[in-house]
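>>> predicted coordinates and the sequence they were generated for:
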Amino acid sequence: MSALVRIVDAHWSRDEDRHALVAIREAVFVVEQEVPVEIELDAADPACRHLLAFAPDGRPIGTARMRDDGHIGRVAVVPEWRGRGVGAALVEAMVERAREAGREVVDLDSQTQAIPFYEKLGFSSRGDVFTEAGILHQNMVRCLV
């Protein structure tokens, strides 16, 4: 990843942050992957911890969130920035925040095509494959201790 990409904590209650989070997630999940907006943007968002990744020009290019129970989700990177380590940096930054909060384990629901990506980041599959929003997913877990 370019050293010039910045990852920062974002806050759902801050209009500027919320607009950036929503714009990325709508572009990736709602438009590109055809996830219904009412599934993508949910009641958990205000209580989640959010991260935003910014390109060197200041444009928001990626996001991730984590619920209080240590479940990481909504990891999204705009298409032109994929394959440059932004997604991995977002996940690792969220894992670090989970460690700081005293969590011993984090989990996520990976789209099945992204399983190898998360395996490289130390996550292991658990349970059965399931369908969410018409997309196959696999729960994955990573121990932090």
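The structure has been received and is ready for your questions. If you're wondering where the values come from, they're calculated on a predicted model, not measured in any experiment. Numbering: from 1, shown residues only.
>>> from here on, contacts and neighbour counts on C-alpha atoms
Will do.
>>> and for the lengthiest strand in the chain, what's in contact with it?
Counting residues, the longest strand in the chain under DSSP state E turns out to be strand 135-143. Contacts with strand 135-143, where a contact means CA atoms under 8 Å, 6 or more residues apart in numbering, come from 104-112, 115, 122-131.
>>> again, only this time at 6 Å
If you take CA atoms under 6 Å, 6 or more residues apart in numbering as the criterion, strand 135-143 is touched by 105-112, 123-126, 129-131.
>>> which ones among these map onto helices?
Assignment to helices by DSSP state H places none of the contacts of strand 135-143 there.
>>> ok, and the most crowded of the residues you listed?
S110 (24 neighbours; other CA atoms under 10 Å).
>>> residue closest to the middle of this protein?
V75 (2.0 Å; CA atoms, centre = their mean).
>>> against V145, how distant is that one?
Distance from V75 to V145, counting by CA to CA, to the nearest Å: 23 Å.
>>> now swap in R97 and tell me
Taking CA to CA, one finds R97 at 14 Å from V145.
>>> sheet-wise, list the partners of the longest strand of the chain with their directions.
strand 105-111 (antiparallel), strand 124-125 (antiparallel), strand 130-132 (antiparallel) (DSSP bridges).
>>> could you dump these to a markdown table with mean pLDDT?
Below are those laid out as a markdown table (pLDDT from 0 to 100):
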| stretch | mean pLDDT |
| --- | --- |
| strand 105-111 | 97 |
| strand 124-125 | 98 |
| strand 130-132 | 94 |
